[in-house]
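Asks: A structural model of the following input is requested.
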Amino acid sequence: MIGIYKFIIISILLKLVNSKPILKFNSNNQFKIVQFTDLHYGSEPESDVDTVYSQVMILDYEKPDLVVFSGDMISGYLDPFEDDDTNYWKYWNLFTEPLIERNIPWAITFGNHDGEGALSTNEMLKIDQSFDLSLSESNSVEMHGIANYVLKIASSNNSKEEPSSLIYIFDSSTKGCSKLDWGCIHQDQIDWFKNTSKNFNKTDSIAFVHIPPLEVIDLWNKYPVHGNFSETPCCFDNEFGNFVPSLVESGDVHGLYFGHDHENDYRGDYKGMDIGYGRKSGEGSYSSKKPLGARVFQLNESPFTLSTWIREVNGNIVSQDVHVPSDTEQQPLQCKKKDKYSKREKLIFKVVGSFLIFLAVVVVGLIGFFGYKFYKKYEFKKQYQELKKYTNCIL
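Replies: Numbers count the residues shown, from 1 in each chain. Here you go, the predicted model:
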């Protein structure tokens with residue numbers, strides 16, 4: 001009897017272990033990835049509807065093998081996430097449903113706004129991992145961030161046991177990043193990458209993170225890029241580790257992609273590695289001033305090549321203009337500093353400030369009202385006394 005129970009338990013465990021999808025190059029030696037970034041669910045119902053529509057259209061146009069959510073899936077600083085845990089499940093179901101309906105696996109990393117509500121990024125990661133199609137993982141070793149991991153893409157050749165390509169996911173939702181505290185990649189995360197790259201014999205790969213590195217400005221200043229520089233990057237510098245130089249030196253990472261700065265979507269070759277922005281995929285938060293869309297990647301297995309483009313919700317594949325470095329368009333090599341106060345704190349200050357102004361107006365109005373009544377009463381009393389005095393003189 002005990003043996004039967006053991007068999008049932010082992011069968012269930014094996015099913016759970018094997019229930020996750022396996023990433024693999026297709027028979028044409030290709031593998032396609034869609035990057036959804038800065039969805040910002042939870043802003044307004046109308047915005048969420050537009051965002052779902054954008055996801056659905058892009059998935060149907062591209063039919064990817066994998067989706068990478070590269071941070072800020074939700075606006076954690078808004079009221080829906082303040083103290084109601086159930087809203088996290090609601091919105092997680094909302095932005096993953098288009099993928100579930102199409103049986104497309106996904107992986108996530110966190111942005112600077114995901115963890116600003118009631119739940120930590122660790123708790124949100126557990127929610128995400130409860131979905132059968134989620135390939136998201138937690139750290140395999142102790143380091144900064146929660147979701148630093150690598151995904152393996154199997155070869156189209158069934159006889160090959162080693163992965164043919166890799167996808168590195170870096171978690172930049174970290175603290176202790178000096179005044180540029182949007183989040184950053186720390187040295188222990190870089191050390192993890194170096195060890196992992198070595199263990200996989202420097203297998204060809206691409207990487208995703210939410211916060212852009214400082215080098216994205218250097219890219220614009222010194223190298224040809226596809227796309228436009230539309231806002232100062234809220235990036236991180238190399239004070240806590242040489243992230244991009246380490247990837248470039250390794251030589252196996254062919255592309256690094258990120259989001260965060262909603263208006264930017266340019267990319268280019270930086271010292272032999274393609275780096276660049278995705279396209280803002282959600283209607284929530286501030287606008288990109290462009291149609292919603294996503295960056296798409298097609299990997300070819302042998303020899304390894306990487307091609308990328310932006311697909312918009314209207315179906316257009318964006319033809320991004322080439323920008324050649326110019327002395328007149330040089331940007332300061334420094335990241336935009338984070339505001340002292342968070343959006344939630346600013347909202348609180350705004351509400352409290354408005355209330356205090358209203359209260360001050362009411363108080364001033366009451367003082368004026370009762371002061372006027374007192375003044376009229378005083379004037380009447382004064383006139384009465386003078387009249388009485390005048391009457392007594394006559395009598």
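Asks: ok, Ala118 to Gly71 distance?
Replies: Taking Cβ to Cβ, to the nearest Å as the measure, Ala118 and Gly71 are separated by 18 Å. Just so you know, the C-beta spots here come from the backbone N, C-alpha and C atoms, and that holds for glycine as well.
Asks: those two: which is more packed in?
Replies: A direct count of neighbours by other Cβ atoms under 10 Å for Ala118 and Gly71 places Gly71 higher, at 29 against 15.
Asks: in this structure the more buried one contacts Thr121, no?
Replies: No. Taking contacts as Cβ atoms under 8 Å, Gly71 lies outside contact range of Thr121: 10.1 Å.
Asks: what touches both of the two?
Replies: 110, 114, 173 (Cβ atoms under 8 Å, 6 or more residues apart in numbering).
Asks: quick check, the first one in contact with Met124.
Replies: Yes. Phe110 lies in contact with Met124 (Cβ under 8 Å); the separation is 7.4 Å.
Asks: show me where the stretch 51-200 of the chain has helices.
Replies: With DSSP state H, counting those that start in this stretch as the definition, the stretch 51-200 of the chain shows helices at residue ranges 86-102, 121-129, 187-199.
Asks: distance from the shortest one to the middle of the chain?
Replies: Centre-to-centre, helix 121-129 and its host chain are 15 Å apart (Cα atoms, centre = their mean, to the nearest Å).
Asks: now Ser27: how far from Phe374?
Replies: In this structure, Ser27 and Phe374 are 92 Å apart, going by Cβ to Cβ.
Asks: those two: who's more crowded?
Replies: Neighbour comparison, Ser27 and Phe374: the larger count goes to Phe374, with 10 against 7 (by other Cβ under 10 Å).
Asks: which SSE is the more buried one in?
Replies: When secondary structure is defined using DSSP states H and E, the element that contains Phe374 is helix 343-394.
Asks: the closest residue to Gly111 other than its chain neighbours: what's it in contact with?
Replies: If you skip the residues right next to it in sequence, Gly111 has Gly71 as its closest partner in space, 2.8 Å away by Cβ to Cβ, 6 or more residues apart in numbering. Under the criterion of Cβ under 8 Å, 6+ apart, the contact partners of Gly71 comprise 37-38, 108-112, 114, 172-173, 209-211, 259-260.
Asks: please apply the same query to Phe193.
Replies: Contacts were defined as Cβ under 8 Å, 6+ apart; by that measure Phe193 touches 168, 170, 246-247, 250.
Asks: same question for Ile127.
Replies: 88-89, 92, 119.
Asks: do Asp269 as well
Replies: By Cβ under 8 Å, 6+ apart, the neighbours of Asp269 are 223-224.
Asks: which SSE is Asp269 in?
Replies: Using DSSP H and E, Asp269 falls in strand 267-270.
Asks: alpha carbons of that strand, as CSV, please.
Replies: Output for strand 267-270, consisting of C-alpha atoms alone and laid out as CSV, is shown next (Å, rounded to 0.1, in the frame of the first residue of the first chain):
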residue,chain,number,x,y,z
ARG,A,267,19.3,50.3,-30.7
GLY,A,268,22.7,49.8,-32.3
ASP,A,269,25.9,47.9,-32.3
TYR,A,270,28.0,48.8,-29.2
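Asks: for it, buried residues please.
Replies: When neighbours are counted by 16 or more other Cβ atoms under 10 Å, the buried residues of strand 267-270 are found to be 267-268, 270.
Asks: Ile367 - how many residues pack around it?
Replies: Around Ile367 sit 10 other residues, with neighbours defined as other Cβ under 10 Å.
Asks: should've said Pro163
Replies: The local packing count at Pro163 equals 19, with neighbours defined by other Cβ under 10 Å.
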